[in-house]
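Trainee: Next come a sequence and a model predicted from it.
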Amino acid sequence: MNETEALAVAGSWVAAMLRSSTPLMMVTLGETLTQRVGIVNLGVEGQMLCGACVGFAVAAQTGSPVLGFAAGAAAGLLLSLIHAALCLGFDANQIGSGIAVFTLGLGLTSYFGRAAIGGQVTGLAPLAGANVAGVPFAGPILTQLTPIAPLAILIVLAAGFWLYRTRTGLNWRVVGESFQTARALGIRPLLVQAQGILIGGLLSGFAGAILSVDYTQTWANEMTKGRGFVAVGLVIVARWNPFYVLPVVLLFGLSEAATLRLQATGLTFSPYLISCLPYVVCLICVIVVSVREGRIGGMPAQLGSVFGSRN
Amino acid sequence: MSPATSMRIVAVIGGGAAFVIAAAIFLAAIGRPPLATLSQMVLYAFGDSYSLSESLVKATPILFCALAVILPARLGLITVGGEGQLYLGALTGTAVVVSFPAAPMILLLPAMLAAGAVGGALWGGIAGVLRARCNVNETISTLLMNYVAVLLVSYVVYGAWKDPTSLGWPATIPFPKAATVPGVFGTRAHAGLIAGILAAVILHIAVTHTRWGIALRVLAGNRKVAAMVGFDFVRQTLLVMAIGGTLAGFAGICETSAIQGRLQGGISVGYGLTGFLVAWLSGQHFLRAIPIAILVGGLIAAGDALQLYSKIPSASATILQGLLFVAALAASGAAGRRSARHE
């Protein structure tokens, strides 16, 4: 393989990696922000499904992918209101409430999603037309990616900057560490927690819409296939830090892209076994960081009551 | 009446009322007469002996999956792995049937059930080892392993175990008579139901009246104190997760053998998740889980009947389960706040 070919292959790998990891990037960022204020939300899986379903239906109806993204994000936000109400208003157990929200999202999307099955959407246009396809390395990236991937990366970086470099970001981190300190500083912890849950809802709904409108361009029941749960695992791997979300999710996307490529090469390997890989990879990553937990740290102290500490 | 009991009564009545209101709103929103549909669902669930037996059929795996949640919960662990354990149990149990389809019943049936139980125990046990040895959160590991187990079943039914005579339908050979869990009362309800009720009673006695139960309670309360009196968290975690997996795996092979008659992709319609719901509704109590599993089994059976007779998609049963869960969490939360204020 000469240098040009190698660059072209590398470019298409980067493009595939970015495309498959963009939805996961948004949902992992959302769950990271939610957990930073001391709330675990397993409902992200259901919120993502709602975002995918509503986003797809709106994009198919209006012909506008942008409206689809907005509607998907709004749907995720609406569903996360239930988690906020149960956890903050009724002191319900966060894991139980998350599973309840997931069940609702699963039921609602398989009920109302029947109407969207078989619909047609046009995704966003690629970053550049076919005329740059020949450009080494950048060519495949620019022709295969839509503006949503760079936008997602910008959102992650902005969120990281906001969390660590602004006053309100500091307030959020304080709430995640200690309610008492937050109250002493004049912060209202429940208000911040509600915002954290809703931002997570917004981003997970957006992630779902990216998946259905931009990536697969179809709607199918349970199409998120546990990506929301994977995101909850990846939050732990990224140590609750938005900046680490980027490399963790990209590495994960690389493994997914690799499995898709393996299948495309016609390797006689069961697609069902290959489909196990994302979950196994995620679990292995969680195991590795959990073993080193004590040394790495980074878990917001308020999460201890939900995740259970090592006492 | 103790404050705890009165709180529970308030929660049950409030949660029930909230659920009926939410369900009525949902049914009205999809253009169905709410009260008529709800009363129809009660009839579809428990109206005659056929409906009742269908409800019991659904209740059986749900009860097992609830027990698989409740036992770890007694140690303070939250597992959502019933679905995966059920699938793995179905897989390993079927392995025996596929390998020895002509074996006599007296050998085949017990071997199949034991293999199913071992498969579930393995799946639960892995999450247990990860929790105890590597500090991996059991909720996340069980959620991820659910997907793997479902895919493994797809792998065998589309691959090596596919029945060549099934004309492309991805399923194993039909189970021989010698590998069929017998029915009870002359209906589709099967012996698994009786095993599930027995398991609930035995577990209830074990955690309330034995030294083991004390160990679980102390470990759930304070691990340092427990270590001082010689209770081992690692061993108990492994044990409760493996026993939980055994129960769910047993349910998986029973469902495959008695109801489906062959291993195929969709063994479970979310029984693991429903079992989790039942465990919470019961307040993590083995005996209370029995009637609640039958009630929720009735809800799912009624959902199937609605699809058949009224053309309401059965996904409505999933929505109603979600609403039930939300109502129950809200009601018990509200009752808890009230009693906290009175103390």
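Mentor: Alright, I've got the coordinates. Numbers count the residues shown, from 1 in each chain, chains lettered A, B, ... in the order given.

Trainee: For residue B:277, give its distance to residue A:43.
Mentor: Distance, residue B:277 to residue A:43, using CB to CB, to the nearest Å: 14 Å. Glycine gets a C-beta too; all of them are placed from N, C-alpha and C.

Trainee: can you list the weak-confidence ranges in the chain?
Mentor: Since you didn't name a chain, this refers to chain A. Across chain A, the ranges flagged by pLDDT under 70 are A:1, A:266-268, A:294-296, A:308-311.

Trainee: Wait, chain B was what I had in mind.
Mentor: In chain B, residues with pLDDT under 70: B:1, B:338-343.

Trainee: biggest helix in it, by residue count?
Mentor: When chain B is parsed with DSSP state H, its longest helix is helix B:105-134.

Trainee: picking up where we left off before, in terms of packing, which of residue B:277 and residue A:43 has more residues around it?
Mentor: residue A:43 (33 against 26; other CB atoms under 10 Å in any protein chain shown).

Trainee: Give me the nearest residue to the more buried one, chain neighbours excluded.
Mentor: residue A:101 (2.8 Å; CB to CB, 6 or more residues apart in numbering or on different chains).

Trainee: How about residue A:127?
Mentor: residue A:142 is the one closest to residue A:127 (CB to CB, 6+ apart), at 4.7 Å.

Trainee: still on that earlier bit, and the longest helix of chain B, what does it pack onto?
Mentor: helix A:271-291, helix B:82-99, helix B:138-158, helix B:233-254 (3 or more CB pairs under 8 Å, 6 or more residues apart in numbering or on different chains; DSSP states H and E).

Trainee: how close does the residue nearest the centre of chain B sit to residue B:269?
Mentor: In chain B, the residue lying closest to the centroid (CA atoms, centre = their mean) is residue B:65, at 2.2 Å. Distance, residue B:65 to residue B:269, by CB to CB: 12 Å.

Trainee: Also residue B:222?
Mentor: 40 Å.

Trainee: Looking at the two, which one has more neighbours?
Mentor: Shown here are residue B:222 and residue B:269; by other CB under 10 Å, residue B:269 has more neighbours (15 against 11).

Trainee: Tell me if I'm right that the more buried one and residue B:300 touch.
Mentor: Yes - contact criterion CB atoms under 8 Å: residue B:269 and residue B:300 qualify, at 7.1 Å.

Trainee: the helices in the chain, which residues?
Mentor: Just so you know, I chose chain A. Per DSSP H, chain A carries helices over the ranges A:3-36, A:44-62, A:65-84, A:94-112, A:138-144, A:148-165, A:167-177, A:179-184, A:189-209, A:227-237, A:242-264, A:271-291, A:293-296, A:304-307.

Trainee: wrong chain, I was asking about chain B
Mentor: Applying DSSP H to chain B gives helices spanning B:3-29, B:34-46, B:49-73, B:82-99, B:105-134, B:138-158, B:191-209, B:211-221, B:223-228, B:233-254, B:271-281, B:286-310, B:315-342.

Trainee: is chain A contacted by the second one?
Mentor: So the one you mean is helix B:34-46. No - for helix B:34-46, no contact with chain A is found by CB under 8 Å from any CB of the partner chain; the gap never falls below 14.4 Å.

Trainee: quick one: contacts of that helix?
Mentor: For helix B:34-46, the surrounding residues in contact (CB atoms under 8 Å, 6 or more residues apart in numbering or on different chains) are B:20, B:23-25, B:27-28, B:51-52, B:55, B:298-299, B:301-303, B:305-306, B:309-310, B:312.

Trainee: from these, which would you call buried?
Mentor: By neighbour count, with 16 or more other CB atoms under 10 Å in any protein chain shown, the contacts of helix B:34-46 hold B:20, B:23-24, B:27, B:51-52, B:55, B:298-299, B:301-303, B:305-306, B:312 as buried.

Trainee: Show me the subset of these that also lies near chain A.
Mentor: Answer for these near chain A: none qualify (CB under 8 Å from any CB).

Trainee: of all the residues you listed, which comes closest to chain A?
Mentor: Nearest to chain A, judged by CB to the nearest CB, of those is residue B:312 at 9.0 Å.

Trainee: residues touching the residue in the stretch 101-250 of chain B positioned nearest to chain A, list them.
Mentor: At 3.9 Å from chain A, residue B:155 is the closest residue in the stretch 101-250 of chain B, using CB to the nearest CB. Residue B:155 is in contact with A:270, A:272, A:273, counting by CB under 8 Å, 6+ apart.

Trainee: which of those are buried?
Mentor: Members of the contacts of residue B:155 classed as buried by 16+ other CB under 10 Å are A:270, A:272.

Trainee: Tell me, how many residues neighbour the nearest residue to residue B:218 once chain neighbours are set aside?
Mentor: Leaving out its chain neighbours, the residue that sits closest to residue B:218 by CB to CB, 6+ apart is residue B:226, at 4.4 Å. Using other CB under 10 Å, residue B:226 has 20 other residues around it.

Trainee: quick one: residue B:226 and residue B:125, what's the gap?
Mentor: Taken as CB to CB, the span from residue B:226 to residue B:125 is 21 Å.

Trainee: what's the answer for residue B:280, then?
Mentor: With CB to CB as the criterion, residue B:280 and residue B:125 are 23 Å apart.

Trainee: Equivalent analysis for residue A:278, please.
Mentor: Taken as CB to CB, the span from residue A:278 to residue B:125 is 23 Å.

Trainee: again, but for residue B:83
Mentor: Taken as CB to CB, the span from residue B:83 to residue B:125 is 16 Å.

Trainee: So which of these two has more stuff around it?
Mentor: More neighbours surround residue B:83 than the other of residue B:83 and residue B:125, with 29 against 21 (other CB under 10 Å).

Trainee: Leaving out sequence neighbours, find the closest residue to the more buried one.
Mentor: For residue B:83, the spatially nearest residue (CB to CB, 6+ apart) is residue B:272, at 2.6 Å.

Trainee: go on, residue B:171?
Mentor: Ranked by CB to CB, 6+ apart and with sequence neighbours excluded, the top spatial neighbour of residue B:171 is residue B:264, at 3.9 Å.

Trainee: ok, the one you found - how many residues close by?
Mentor: 19.

Trainee: can you check residue A:117 too?
Mentor: If you count neighbours by other CB under 10 Å, residue A:117 ends up with 11.

Trainee: Residue A:133 and residue A:141 touch, don't they?
Mentor: No - Residue A:133 is not in contact with residue A:141 according to CB under 8 Å; the separation is 10.4 Å.

Trainee: Look at those two and report which has more neighbours.
Mentor: Taking other CB under 10 Å, residue A:133 and residue A:141 do not tie; residue A:141 has more neighbours (23 against 15).

Trainee: From chain B, how far out is that one?
Mentor: Here residue A:141 is placed at a distance of 30 Å from chain B (CB to the nearest CB, to the nearest Å).

Trainee: Identify the contacts common to residue B:277 and residue A:43.
Mentor: The contact lists of residue B:277 and residue A:43 share A:99, A:100, where a contact means CB under 8 Å, 6+ apart.

Trainee: which bits of the stretch 101-250 of chain A sit near chain B?
Mentor: Residues of the stretch 101-250 of chain A lying near chain B (CB under 8 Å from any CB): A:101-108, A:110-111, A:114, A:225-226, A:229-230, A:232-233, A:236.

Trainee: From those, list just the buried residues.
Mentor: Looks like these have A:101-108, A:110-111, A:225-226, A:229-230, A:232-233, A:236 buried, using 16+ other CB under 10 Å.

Trainee: Is stretch A:21-29 in proximity to chain B?
Mentor: No - Stretch A:21-29 is not in contact with chain B by CB under 8 Å from any CB; minimum separation 13.1 Å.

Trainee: ok now that stretch, how far from the chain's centre?
Mentor: 3 Å (CA atoms, centre = their mean, to the nearest Å).

Trainee: and the one residue in the stretch 151-300 of chain A that gets nearest to chain B, what does it touch?
Mentor: Proximity of the stretch 151-300 of chain A to chain B (CB to the nearest CB) peaks at residue A:272, 3.9 Å away. If you count contacts by CB under 8 Å, 6+ apart, residue A:272 has them with B:151, B:152, B:154, B:155, B:158, B:159.
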